[in-house]
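J.: Got a predicted model here, sequence first, then my questions.
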Amino acid sequence: MPITGRGWELHVKRLGTQTHARVTRTYASYQVHRDGVADAALFGHLCECKGPGDNVHSRATRIKEGRYPLSTHFGRKYKTIGFSTDTHTPAVQPMPGLLLVSTGNRTAILIHPGHPPKLYLSSIGCLNPTKPLGKDDSMDFFESRARVLALINSLRAFSPAAFQHNRPTPIPDAAVVIDGEPMNAFVDPPPGGPPLTS
């Protein structure tokens, strides 16, 4: 599913699945675009639940590919504004997060850090940003948290008005575009080689 080239778009390209110790996750790349222009500082990878995508049933699978508007979020565990600033203790709540909306029967689908105790996959449908990972690698909480903060800061600069209130607020012209429904295993790049992103 291509981006439209309008507004703030986080383009997610699902690359395949990774499995370790009987846990399977979907592995993807991401790139932020502003009016169709890629932001050279905002790219990386994401971990989600296994497929196939499902927006009907509440279960530990990824959401369907598609376009999802974004909103600020204010839950007990995750917040867009007022999250913990502790940089020494992993996963102090509330952690930073953004909400995807228009997700059908699926609720509280967020972009949030991968965190203990499940650093291989911290999700029942959410998106965990990360550096490149091999199939046996776990996420690093503070590295993942920094990526979520970068997305929040970019959106705050793009749409300051949406960040004026401590309540869920739609972020105009901002969306996550998820591309692909792969079920195949993602093949890790060779040691020392560049990470595969498409």
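T.: Thanks, I have it.
J.: I'd say Ser71 and Thr103 touch.
T.: No. Using C-beta atoms under 8 Å, Ser71 is not in contact with Thr103; the gap is 11.0 Å. Bear in mind the C-beta positions are built from the backbone N, C-alpha and C, glycine included.
J.: Mind listing the shared neighbours of the two?
T.: Counting by C-beta atoms under 8 Å, 6 or more residues apart in numbering, Ser71 and Thr103 have no shared contacts at all.
J.: Any idea what Asn128 is bridged to?
T.: Asn128 has these beta-bridge partners by DSSP bridges: Cys47.
J.: State the distance from the most centrally placed residue in the chain to Leu10.
T.: Residue closest to the average C-alpha location in the chain (C-alpha atoms, centre = their mean): Leu127, at 3.2 Å. Distance of Leu127 to Leu10, computed by C-beta to C-beta, to the nearest Å: 9 Å.
J.: now the helices for this structure?
T.: According to DSSP state H, the chain carries its helices in the segments 141-158.
J.: now the strands: where do they sit in it?
T.: With strands called from DSSP state E, the chain shows them at 8-20, 23-34, 37-49, 66-71, 78-79, 95-96, 98-100, 110-111, 128-130, 170-179.
J.: separation between Leu149 and His112?
T.: According to C-beta to C-beta, Leu149 and His112 sit 11 Å apart.
J.: swap that for Arg156, please
T.: Look at Arg156 and His112: by C-beta to C-beta, they are 17 Å apart.
J.: Where does pLDDT dip in this protein?
T.: Along the chain, the parts satisfying pLDDT under 70 run over 190-198.
J.: So what sits opposite the residue nearest to Gly97 when sequence neighbours are not counted in the bridge?
T.: Leaving aside its chain neighbours, Gly97 sits nearest to Tyr78 (3.1 Å; criterion: C-beta to C-beta, 6 or more residues apart in numbering). Tyr78 forms beta bridges with Met95, as assigned by DSSP bridges.
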